[in-house]
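Return a 3D structure for these sequence lines:
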Amino acid sequence: MDSPTSNPDEQGTAPDGKSSLSAEFLATLSHGPGVYQMLGKKQVLYVGKARDLRKRLSQYAHFAGPVHSKTAVMLSHVQRVETILTTTEKEALILEASLIKQHRPRYNVILRDDKNYPLIKVTTRDPWPRVVVTRKRLRDGNRYFGPYSSGTAMRITLQMLYAQFPLRRCKVMRERTRPCLNFQMGRCLAPCAGKVNAEEYQRMVHDVLLILEGKVGEVVKELTTKMAQAAHNLAFEKAALFRDQIKGLTRTIEHQAIVAEHHLDQDVFGLHRQDASVGVALLFVRGGMITGAQSFFLADPLGEDDSLLAQTILLYYSSERQPPRELLLPFGIEDQHLIEERLTELREGPVTLLAPQRGKRMQLMQMAEANAAQIFSEQAKKEQSWETLATTLQGKLRLANRPETIECLDISNLLGKQAVGSLVCFVQGEKAAKLYRHYRIKLQDTPDDYAMMREVLERRMAKGVEADNLPDLLLLDGGKGQLQVAVDVLAQFNLLHQVDLVAIAKEKAEEGEKLFRPGRKNPILLPAHSPVLLYLMRIRDEAHRFGITFHRRLRGKEQLHSQLDAIEGIGPKRKQQLLQTLGSYKRVTEAGVEELAAVPGIGAELARQIYRQLHGEEHGTQ
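Numbers count the residues shown, from 1 in each chain. You can find the predicted model right below:
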């Protein structure tokens, strides 16, 4: 894409809530394609694209819809508009998706559940392929299957494959004189020790690929023929092996839902609107079988249904989450031909967008739309559950504010070293992982938990006041001492009436959890089965997990850094080469001499020095 041209301009807001995009500003705009950003005081409110920027923004300037409509409300908060010119409409489409992912504007489609589901990868480019789990689909020539939204379903598939087709499991294959324990247990064919020839191994890989493609029947037919032939040749052990494989695969077929006669890979989108909210459901069809589903709830998006679905598709797919061969949609969408071009680039192969009207594809569409409608009943149950819990929590703890947003702080350190503060956030009863934060303690080298907590709280409150994103309730892992520190910090920022405080502590095992509140001498004691107590314990435990995980990573990283730095002949470049080649600090410590020597720039002698240093050995090698 050519370098885009930015054309920002400061705009005010009119008292009637309409945008005051001036005629002078509109006159400076190009009639060409580009992207526009509506900005408020501190954040981007909305990102849009247009094939004609001046015409599109003129529509906002002359907007005459209801005062309380979503567009009017958004325009009432706009303080300035920035435009970026692009060469083509497709460039504008790609840039729009990129900016939405970067800024997550309030009035755009935001995919809350945008995690990558796991895939099964067969490393077909290896001489001796293996089956592994990954979350990234790379353009590396290997075969990928999935995604699997159900971890249980994926594990069942893997267990069956591992049991019936014992391909190698080790990450790095080295020649061995004796096979490892996996061979003795019947879990590997031991190509490393020459226990299987390449032709037989590749036949097994071929069968695995057929199964993952959904062609289990072909494999069963082939294995039945082999079993009969082995029995005819009196090779009864071999025949028994084929028999067991057939039984395992037959059980697999019984649990597979065949939804199409073809073996295409498809993603099926369903959309359901209820008042201002929209539910989008996505079914994954791989090889004619449904392998999983995903759903998104859009509380109050800006735009028509075709535009919302187009945005969802553009935000969902990426180079790491590539689209399948075919997308089924409930209706045609905005800029469909441009989106097809974009998806074709991501897949590096043709992608077709269809809005079926009959047949099996239409049945899949109806199934996806039913799933989209189901989102609203699930959302209603979730909201009702949270309403009850929030009301109970506010009443039991006598909170001044309704606890819609709860943050919990945990301090982790080892004798004052590598001290970190970990802050987790829950919004309306659910984890808000994107709002989790780690704080490296700057001022303390001694084990003073109170001073460390004070530092982190001061930094968090200062940032919260500046960005206007303070929690309703701050939960502290500790007792009266930690609570008093928090009271002092909130008083310092004049926030005692804006942020509620609760400390949770287990002082004696037999007494259970105690809850402390400012201005109250005695702790609040709730029954062990109380939903309020269980919810607060869940948040506290999540903060503890988040902090300990990060702290362990810091300790391991520092330890390995010091060990590598202490080895003669290892400078920054060789250390970087080790980490890039082997992939992580852990793998460097696990590597043998041969693996270390294979790293560019290391060599056999230096590899032996590294191994001895890392493993505390004075003599010899592994």
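
Would you map the strands across the stretch 201-350 of the chain?
Taking DSSP state E, counting those that start in this stretch as the test, the strands found in the stretch 201-350 of the chain are 266-274, 277-286, 289-298, 326-328.

ranking the ones you listed by mean pLDDT, which is last?
Confidence, taken as mean pLDDT, is least for strand 289-298 of the strands of the stretch 201-350 of the chain (a mean of 82).

which helices and strands does it pack with?
strand 277-286, helix 359-397 (3 or more C-beta pairs under 8 Å, 6 or more residues apart in numbering; DSSP states H and E). In short, each C-beta sits where N, CA and C put it, glycine included.

Is it possible to get JSON lines of the ones you listed that adds distance to T589 and mean neighbour count?
Shown next, in JSON lines, are the helices and strands packed on strand 289-298 (distance: least, C-beta to C-beta, whole Å; neighbours: other C-beta atoms under 10 Å):
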{"stretch": "strand 277-286", "distance to T589": "38", "mean neighbour count": "22"}
{"stretch": "helix 359-397", "distance to T589": "44", "mean neighbour count": "15"}
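
Could you dump the ones you listed into TSV and include distance to M38?
Listed next are the helices and strands packed on strand 289-298 as TSV, based on distance: least, C-beta to C-beta, whole Å:
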stretch	distance to M38
strand 277-286	20
helix 359-397	28
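
And stretch 159-178, how far out from the chain middle?
29 Å (C-alpha atoms, centre = their mean, to the nearest Å).

could I get that stretch in PDB with only the CA atoms?
Only the C-alpha atoms of stretch 159-178 are listed here, as PDB (Å, rounded to 0.1, in the frame of the first residue of the first chain):
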ATOM      1  CA  GLN A 159      -5.900 -39.900  21.900                       C
ATOM      2  CA  MET A 160      -7.500 -42.100  19.200                       C
ATOM      3  CA  LEU A 161      -4.700 -41.100  16.700                       C
ATOM      4  CA  TYR A 162      -1.900 -41.700  19.200                       C
ATOM      5  CA  ALA A 163      -3.300 -45.000  20.200                       C
ATOM      6  CA  GLN A 164      -4.100 -46.400  16.700                       C
ATOM      7  CA  PHE A 165      -1.300 -44.700  14.800                       C
ATOM      8  CA  PRO A 166       1.900 -44.500  16.900                       C
ATOM      9  CA  LEU A 167       3.800 -41.800  15.100                       C
ATOM     10  CA  ARG A 168       6.800 -40.300  16.800                       C
ATOM     11  CA  ARG A 169       6.100 -37.900  19.700                       C
ATOM     12  CA  CYS A 170       9.500 -36.300  20.300                       C
ATOM     13  CA  LYS A 171      10.100 -32.700  19.200                       C
ATOM     14  CA  VAL A 172      13.600 -33.300  18.000                       C
ATOM     15  CA  MET A 173      14.500 -36.700  16.300                       C
ATOM     16  CA  ARG A 174      18.000 -38.000  16.800                       C
ATOM     17  CA  GLU A 175      19.500 -41.300  15.800                       C
ATOM     18  CA  ARG A 176      19.500 -43.800  18.700                       C
ATOM     19  CA  THR A 177      20.900 -47.200  19.200                       C
ATOM     20  CA  ARG A 178      18.100 -48.100  21.600                       C
END
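
pLDDT averaged over stretch 70-88 - what is it?
88.

do the same with stretch 519-530
88.

now do stretch 344-354
Averaging pLDDT along stretch 344-354 yields 91.

got a list of contacts for that stretch?
With contacts defined as C-beta atoms under 8 Å, 6 or more residues apart in numbering, stretch 344-354 is touched by 139, 317-319, 322-329, 333, 336, 339-340, 343, 361.

Buried residues, that stretch. List them.
Across stretch 344-354, burial judged by 16 or more other C-beta atoms under 10 Å covers 346-347, 351, 353.

Could you point out the helix or strand that follows the helix or strand of the chain with the lowest mean pLDDT?
Every helix and strand in the chain was compared by mean pLDDT, DSSP states H and E; the lowest is strand 9-10, with a mean of 40. Next in sequence after strand 9-10, counting helices and strands by DSSP states H and E, comes helix 23-27.

Can I get the buried residues of stretch 344-354 in a markdown table including distance to H232?
Output for the buried residues of stretch 344-354, formatted as a markdown table (distance: C-beta to C-beta, whole Å):
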| residue | distance to H232 |
| --- | --- |
| L346 | 51 |
| R347 | 46 |
| V351 | 48 |
| L353 | 52 |
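
among these, which two are most distant?
L346 and L353 (13.3 Å; C-beta to C-beta).

tell me the secondary structure for A503?
Three-state call for A503 (DSSP: H, G, I helix; E, B strand; the rest coil): strand.

so how many other residues sit close to R540?
Neighbour count for R540, taken as other C-beta atoms under 10 Å: 23.

just to revisit the earlier point, return the subset of the contacts of stretch 344-354 lying in helices.
When DSSP state H defines the helices, the subset of those inside them is 336, 339-340, 343, 361.

out of those, which one sits closest to P191?
Closest to P191 out of these is L343 (38.3 Å), distances taken as C-beta to C-beta.

What distance do you get for the closest residue to the closest one other than its chain neighbours to G32?
Spatial nearest neighbour of L343, excluding adjacent residues (C-beta to C-beta, 6 or more residues apart in numbering): V351 at 4.0 Å. Distance, V351 to G32, by C-beta to C-beta, to the nearest Å: 27 Å.
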